[in-house]
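Visitor: Got a predicted model here, sequence first, then my questions.
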Amino acid sequence: MGFLAPLFLGGLVAAGLPIYLHLLQRHKTTPLPFSSLMFFEHRTQSSVKHRRLRYLLLFALRLALILLIVLAFANPYFNTSVTAGGGERLVLYVIDNSFSMRAGTRFEDARRAAVAALGSRRPVDKGQVMALGSQMQIFTPQPVQDSNSLRAAIQSVQQGDSRSNYGELARTARSLAESIKTPIEIHLFTDVQKSAMPPAFSEMTLPESARLEIHSVSTKPDPNFAVETVNAPSLVWDTKKAKVQVTVAGFGTPKATKNVSLIVGGKVAATKTVELSPNGRATVEFVSLDVPYGYTKCEIKIDGGDVFAADDHFLFAVQRSDPQQVLFVREGRDTRSGLFFRTALESSAENAFTLVEMPVEQTRSVQPSKFAFVVVSDVISLPPEFETEMTRYVKAGGSVLIASGTNTSRRPRVPIFDSAQREPVYFTRTGDRFEAVGDVDPSHPSLAKAERWGGVKFYAAADVDASGSRVAAKLTDQTPMLLEKKIGEGKALLFASGFDNLTNDFPTSPFFVPFVEQTSRYLSGLERRGGARVVDSFLELRSAKEQAASVEIVDPDGKRPLSLKESTTTPAYQLSREGYWELNRGSGRNEMAAVNADRRESDLSLLDEDVQSLWSSKTPATAGTSGAVTAQATKPYSIWWYVLFIGLLAAVAESLLASRYLGTEREAP
């Protein structure tokens, strides 16, 4: 016996109430009229008689009533035995259809084993068919007893490209156990791949009513070569500067030589040979990528020789276009900041932009929307017309980089960024010759390659109010140096100094080029695009300002998975399989995404046997007469209702006895 709410047992202290009522009750006598008390003598009368227990049955009923109420709230229960093999059960036939099941005949073997397992199911049991990938797919919405329906559902399971996750199976089992009362018997047909383990074994915990039987279709970790990663540009402007870096990996493999081919538009553009050590990795680099204008389907491929040929290639898509223009607004007499920024932009690994310098006086009729992003470099003031257009441009989704040097920092508010400024700080006047960078947020895209700006000296800085902004970098005196603010649907980046090499030496440091490169890609949106994506990642279809725009998706088979209504309302789409996906936006802008399976699936190492045993035999189990898994389990059986009913009877009896005894006492002379 146990208690589901043992804290309520603290109410047992209330059992002292009946004792108090019986032992400390006042002695009651019937007053008698008397003419005078002058002849009465004062004396102390013993109260021992009145402290004796009286009405023992009434006392026992009151004490029992208190105890029964406390026990009812504590919710007592008894453990009852439940046999998983007896009565009706729900049998789950779960087929692993992850990417690694493409190796050899694993997937077909799993389906055949699932059909064979139907023969051991008892007629009274109901079954469901599911597929295990990154998520669980249910092929029989409701449990059925018809074997033909279950067999047809098993045959309808198709091979997928997702990464398997045993934690999803356990989560589904726990969810089912909460909604059904029958025991659950799980038959898992899988290659027991080690990479399918979740980060913590606790995520694989099955409910007490569920029993798992693993049917392995793999008996050994087959050696496998794979194209592990491809680092390729998504946009190409200069085909001679475009580079493609390839990593080829071996999992459980001997020393080998592999030919790596670059395929562009269906034709082999180049082939290189690479030597791999046992279980090793090797890198290959193709130094040019000759593609025509527009989107081109590209592929990296290695010669096969293993049981898993599906990962011997890697897809990516490249778009070739002319460099995008960047507007650089400066004061007319300031020629240094534009020179430093242009040099850094042209020195980046991919010359994706063309800088258009313009004195601030000539910006009155300029349309910012024609540029990838805008740089406002330490101007005294902006023409009202241009400032209005810039504000509208940023709120509509554009981006701006503002440098607040000696000119801008004198204004009470930063233009466009719209944050208050105090007097600029000149470190040469405060006793310190300069300040260095202190705290840096390495997760910010502008600082991904710039490390901590070590050794950069700042002689002056704008004192900007950082409320409502994300601070990406601070000086050692906690002055914000790099701030970002979301304005409408766009973003504004503020550098609290100048690009002219006068207020700091940042433009001549080795960190300026990667800062300009990463910031340019971030503000233009190029960092969100990649030459390749992973299966089950999401493709953003529209931003907040494009809610009414229609977006058409074409899958690798040329089909359109979205309905007409979904094409105007769906914000993102999950890429569920390998291949080239096309995205046609209503604005006429087309995109292409190459999708590859997660290369963690390429490691065919098996789950340790002790882990398999621990997962499938969490409680002792024995084989039943039907060939299924049976086990003895316990289930708590609550008796609080019976305790409360007995307490009600005790309350009625106590009320009757109390009325009788107290009535008799009042009638006594």
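Guide: Received, thanks. Remember, predicted model here, so these are calculated numbers, not experimental data.
Visitor: pLDDT at the residue nearest to the spatial centre of the chain, what is it?
Guide: Centrality entry for the chain: nearest residue to the mean C-alpha point is residue 537, 11.7 Å, by Cα atoms, centre = their mean. Note for residue 537: predicted pLDDT of 91.
Visitor: And the residue nearest to it when sequence neighbours are not counted, how far from residue 592?
Guide: Take residue 537 and drop its neighbours on the chain: the residue closest to it by Cβ to Cβ, 6 or more residues apart in numbering is residue 575, 5.7 Å away. C-beta coordinates here come from the backbone N, C-alpha and C atoms, glycine included. Distance, residue 575 to residue 592, using Cβ to Cβ, to the nearest Å: 12 Å.
Visitor: Likewise for residue 11?
Guide: Distance from residue 11 to residue 592, by Cβ to Cβ: 70 Å.
Visitor: what about those two, which has more around it?
Guide: A side-by-side neighbour count of residue 11 and residue 592, using other Cβ atoms under 10 Å, places residue 592 first with 19 against 15.
Visitor: you'd agree that one is up against residue 317?
Guide: Yes: contact criterion Cβ atoms under 8 Å: residue 592 and residue 317 qualify, at 4.4 Å.
Visitor: so what sits against both of these two?
Guide: Common contacts of residue 592 and residue 317, defined by Cβ atoms under 8 Å, 6 or more residues apart in numbering, comprise 295, 297, 580.
Visitor: Got phi/psi on the residue nearest to residue 537?
Guide: Main-chain dihedrals, residue 575, degrees, to the nearest 10: phi -80, psi 100.
Visitor: mind checking pLDDT for it?
Guide: Reported pLDDT for residue 575: 93.
Visitor: Please apply the same query to residue 558.
Guide: At residue 558, the model reports a pLDDT of 93.
Visitor: likewise residue 162?
Guide: Note on residue 162: pLDDT of 95.
Visitor: Spatially, what comes nearest to it if we skip its sequence neighbours?
Guide: With sequence-adjacent residues excluded and distances taken as Cβ to Cβ, 6+ apart, residue 162 is closest to residue 133, at 3.4 Å.
Visitor: neighbours of that neighbour, just the number please.
Guide: Per other Cβ under 10 Å, the neighbour tally for residue 133 reads 22.
Visitor: now it: how far from residue 218?
Guide: Per Cβ to Cβ, residue 133 is found 17 Å from residue 218.
Visitor: got the domain boundaries for the chain?
Guide: Here the domain parsing of the chain from automatic domain parsing is 2-27+49-80+639-667, 90-220+608-630, 224-320+598-602, 324-528.
Visitor: give the contact list for residue 482.
Guide: By Cβ under 8 Å, 6+ apart, residue 482 lies in contact with 444, 446, 447, 471, 472, 473, 493, 494, 495, 496.
Visitor: top of the shared contacts of residue 592 and residue 317 by neighbour count?
Guide: Neighbour counts for the shared contacts of residue 592 and residue 317, by other Cβ under 10 Å, peak at residue 295, which reaches 20 neighbours.
Visitor: Mind pulling the model confidence for the residue nearest to that one when sequence neighbours are not counted?
Guide: Closest residue to residue 295 apart from its sequence neighbours, by Cβ to Cβ, 6+ apart: residue 592 at 4.3 Å. We note a pLDDT of 90 for residue 592 in this prediction.
Visitor: same question, residue 60
Guide: Residue 60 is assigned a pLDDT of 82 by the prediction.
Visitor: What distance do you get for it to residue 18?
Guide: As defined by Cβ to Cβ, residue 60 lies at a distance of 9 Å from residue 18.
Visitor: Name the residue in the two with the higher neighbour count.
Guide: More neighbours surround residue 18 than the other of residue 60 and residue 18, with 19 against 15 (other Cβ under 10 Å).
Visitor: Am I right that that one is in a helix?
Guide: Yes: counting by DSSP: H, G, I helix; E, B strand; the rest coil, residue 18 is located in a helix.
Visitor: Next up, the contacts around it.
Guide: 59, 62, 63, 66.
Visitor: For it, give its distance to residue 660.
Guide: Per Cβ to Cβ, residue 18 is found 17 Å from residue 660.
Visitor: Which parts of the chain are helices?
Guide: For the chain, the helices defined by DSSP state H cover 16-23, 56-74, 106-117, 147-156, 166-179, 336-347, 384-395, 512-524, 566-569, 609-616, 640-667.
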